[in-house]
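Colleague: Any chance you could fold what I've pasted below:
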Amino acid sequence: MIVLRYLFEGQEGYGALQGEVVHALQGDIFGSYKTGDAIAPLEAVTLLTPVKPSKIVAIGRNYRAHAAEMGADLPKEPLLFLKPPSSVIGPGDTILLPPQSSRVEHEAELAVIIGRRAKDVPWNAALTYVFGCTIANDVTARDLQRADGQWTRGKGFDTFCPLGPWIVTNLDTAAVGIRARVNGVVRQDGHTRDLIFDVPYLVSYISKVMTLEPGDVILTGTPAGVGPLDAGDVVEIEIDNLGVLRNPVAYAGA
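Modeller: Got it, this is the predicted structure:
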């Protein structure tokens, strides 16, 4: 099932994509809901961020090749950090380059959407807490990340967490390719089979640190090939069976 958030004729809502037509979802998508009437063709609606999370929990250095390109040791446990909800933008929205940074980079990532409250979840039940998956770009001010020694500022600017274009339920999170293109040129080309810590492990591990709420997002890490973004670029993150998340890039305040 493909679930999305849309804006159509001034009204926001959750919908299900059936073919090329958006149908209204009535009720609570994380609880009880049903599919209603057709709203409009997909091309006629504006896609919004697929969820409005209370928090985004991200994982650093979760691909061996990416850890190597950063000159970092492999983590013995998942390396957690948080991105603020204010960093979230949707498909087609503009990534803004802040004046504080001279090196902003893309990071293509599989994003996991939590479907029900998760606390102290055993790993073998972790996938039952997952609603579905979407695409993320963990945009990073690399120079600030390195200068600060911790990652809040470098990862936390407004517009630094594009999500979308929609959520796909029942995705096999261990078997999808991930690619990033900038202006049509491939920069990253990885696969979730190379994750150091897989999705069930991450959901279980995080739930033993903090309670995960419906709609919360886990960013699972990025493969090798991260690189700079400049004003005027268009960055596309593509994940098998999830589609493409596309965002233009501009200077903040331009």
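Colleague: Domain map for this protein?
Modeller: 2-47, 56-251 (automatic domain parsing).
Colleague: and the nearest residue to residue 17 once chain neighbours are set aside, bridged to which residues?
Modeller: In space, residue 17 comes closest to residue 2 once its chain neighbours are excluded; the distance is 4.0 Å by CB to CB, 6 or more residues apart in numbering. Using the backbone N, CA and C atoms, a C-beta is placed for each residue, glycine as well. Applying DSSP bridges to residue 2 gives these bridge partners: residue 168.
Colleague: just the one 4 residues further on next, same as before
Modeller: Residue 6 forms beta bridges with residue 13, residue 47, as assigned by DSSP bridges.
Colleague: how about it, what does it touch?
Modeller: Counting by CB atoms under 8 Å, 6 or more residues apart in numbering, residue 6 makes contact with 12, 13, 14, 15, 22, 39, 45, 46, 47, 48.
Colleague: which among those residues end up buried?
Modeller: For the contacts of residue 6, a burial check counting by 16 or more other CB atoms under 10 Å picks out 13, 14, 15, 22, 39, 45, 47, 48.
Colleague: Distance-wise, check the residue nearest to residue 17 relative to residue 168.
Modeller: Noted for residue 2: a distance of 6 Å to residue 168, by CB to CB, to the nearest Å.
Colleague: With residue 112 instead?
Modeller: From residue 112 across to residue 168, the span is 11 Å (CB to CB).
Colleague: So those two - more neighbours on which side?
Modeller: For the pair residue 112 and residue 168, the greater number of neighbours falls to residue 112 (29 against 20), based on other CB atoms under 10 Å.
Colleague: pretty sure residue 247 is touching residue 96, no?
Modeller: No - assessed by CB atoms under 8 Å, residue 247 is found out of contact with residue 96, at 10.3 Å.
Colleague: who's more crowded, the two?
Modeller: Using other CB under 10 Å, the more surrounded residue of residue 247 and residue 96 is residue 247, with 23 against 20.
Colleague: show me what contacts residue 166?
Modeller: 2, 3, 4, 17, 47, 50, 134, 243.
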